[in-house]
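J.: Sequence unavailable; structure follows:
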């Protein structure tokens, strides 16, 4: 089962998620793919999940938003001084 399939299944089972949809899905092979999923939590709040995997390299970002971004988490390498590098919010 691909990671995006597992994630969609978890979102289906979650009592917190009202609805969700895959906004982007690019599959090259088992090791190279990317997806973006948006999930509605309430009428006001949504969650966006982006994930890219390319031969073992992984990049992710999660964003809670309403009309604007509220909170983000990702592993982009732009804060090397923090203890959790490259993971940060």
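T.: Yes, it's here. In this text, all values refer to a predicted model and were calculated from it rather than measured experimentally.

J.: Which positions within stretch 40-52 qualify as buried?
T.: By neighbour count with 16 or more other Cβ atoms under 10 Å, stretch 40-52 contains the buried residues 41, 46-51. Using the backbone N, CA and C atoms, a C-beta is placed for each residue, glycine as well.

J.: To clarify, my last question referred to stretch 17-31.
T.: residue 20.

J.: Likewise for stretch 70-86?
T.: So, applying 16+ other Cβ under 10 Å, buried residues of stretch 70-86: residue 74.

J.: residue contacts, residue 36?
T.: Each residue near residue 36 by Cβ atoms under 8 Å, 6 or more residues apart in numbering is listed here: 22-25, 48-51.

J.: Run the chain-centre distance for the helix or strand encompassing residue 47.
T.: Using DSSP states H and E, residue 47 sits in strand 46-54. Taking the mean of its C-alpha atoms, strand 46-54 sits 3 Å from the chain's own mean (Cα atoms, centre = their mean, to the nearest Å).

J.: do the same with stretch 51-62
T.: Taking mean C-alpha positions (Cα atoms, centre = their mean), stretch 51-62 and its chain are 10 Å apart.

J.: ok, now stretch 25-34?
T.: Computed by Cα atoms, centre = their mean, the separation of stretch 25-34 from the middle of its chain amounts to 15 Å.

J.: Between the buried residues of stretch 40-52, which sits nearest residue 35?
T.: Closest approach between the buried residues of stretch 40-52 and residue 35, by Cβ to Cβ: residue 51, at 5.6 Å.

J.: ok, that closest one touching residue 74?
T.: No: contact criterion Cβ atoms under 8 Å: residue 51 and residue 74 do not qualify, at 10.5 Å.

J.: Show me whatever sits in contact with both of those two.
T.: 59-60.

J.: what about residue 37, neighbour count?
T.: By the criterion of other Cβ atoms under 10 Å, residue 37 has 19 neighbours.
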